[in-house]
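A.B. asks: quick one: sequence plus predicted model below, questions after.
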Amino acid sequence: MDKKIKLIWDFRGPAALKTAEHHEIHLKEYITIEGLSINITGFSVLNDMHSIAYMVVEESNMIPVRDALKPHRGEIYVEK
């Protein structure tokens, strides 16, 4: 089984939360269009001026998704 990678986009400033929420919509659209097997996305508030949007991909899909969507960073995803 592939490791899962959490790709992360950072948004900063007073509109960070709204931007992260909106970005998640596009991530869900991408998953549907590309037929990816994992459908884990979300957004989180880190503080009042920094929010993130994220999606989880299998390690085998990470490079093409990374190249297409240009996340700011990534980390190994551990299911809770």
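C.D. replies: Looks like it came in fine. Residues are numbered from 1 along each chain as shown.
A.B. asks: mind listing what P71 touches?
C.D. replies: Each residue near P71 by CB atoms under 8 Å, 6 or more residues apart in numbering is listed here: L7, I8, W9. In short, each C-beta sits where N, CA and C put it, glycine included.
A.B. asks: hang on, the second one in a helix?
C.D. replies: No - with the criterion set as DSSP: H, G, I helix; E, B strand; the rest coil, the secondary structure at I8 is strand rather than a helix.
A.B. asks: so it touches L69, yeah?
C.D. replies: No - at 11.0 Å, I8 does not count as touching L69 under the criterion of CB atoms under 8 Å.
A.B. asks: shouldn't I31 be within a strand?
C.D. replies: No - counting by three-state DSSP, I31 is not found in a strand; it is helix.
A.B. asks: contacting residues around it?
C.D. replies: Contact analysis of I31 by CB under 8 Å, 6+ apart lists I38, N39, T41, M55.
A.B. asks: pick the one among these closest to L17.
C.D. replies: Nearest to L17 among these: T41, at 15.4 Å, using CB to CB.
A.B. asks: tell me the pLDDT of that closest one.
C.D. replies: With respect to pLDDT, T41 scores 98.
A.B. asks: so what does the host helix or strand of it touch, helix or strand wise?
C.D. replies: For T41, the host element (DSSP states H and E) is strand 40-47. With contacts taken as 3 or more CB pairs under 8 Å, 6 or more residues apart in numbering; DSSP states H and E, strand 40-47 sits against helix 16-34, strand 50-58.
A.B. asks: buried residues, the longest one. List them.
C.D. replies: Using 16 or more other CB atoms under 10 Å as the test for burial, helix 16-34 gives A16, L17, T19, A20, H23, E24, L27, I31.
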